[in-house]
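Undergrad: Curious how this folds, go ahead:
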Amino acid sequence: MAEKLLELIEKYEDEIREINRFFEEDHPSEHESIRLAARFNKNQEIIDDLNMLLNSNI
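TA: Numbers count the residues shown, from 1 in each chain. From the prediction side, this is the model:
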């Protein structure tokens, strides 16, 4: 179970890195920025939840 949680955390962290890269390199429009920021926040919430699950199972 812990291995699966770590894989999911890595997946969402990779997506966050991609979002950050997009902000730094592509300079999105205001609409895109809002959408990406919402996705970033949701991913961070998922990562936090997964970490909590992981820590509770250790």
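Undergrad: tell me what whatever helix or strand Glu18 lives in is packed against?
TA: Element membership for Glu18, per DSSP states H and E: helix 2-26. Contacts defined by 3 or more CB pairs under 8 Å, 6 or more residues apart in numbering; DSSP states H and E place helix 2-26 against helix 30-57. (Glycine included, C-beta is placed from N, CA and C.)
Undergrad: before we move on, the earlier item: I'd like the average pLDDT over the helix holding Glu18.
TA: Average pLDDT, helix 2-26: 92.
Undergrad: residues of it that come out buried?
TA: By 16 or more other CB atoms under 10 Å, the buried positions in helix 2-26 come out as Leu5, Leu8, Ile9, Tyr12, Glu15, Ile16, Ile19.
Undergrad: Wait, the fifth one touches Lys42, no?
TA: No. At 9.9 Å, Glu15 does not count as touching Lys42 under the criterion of CB atoms under 8 Å.
Undergrad: ok, now how distant is His31 from Leu50?
TA: When CB to CB, to the nearest Å is the yardstick, His31 and Leu50 sit 29 Å from each other.
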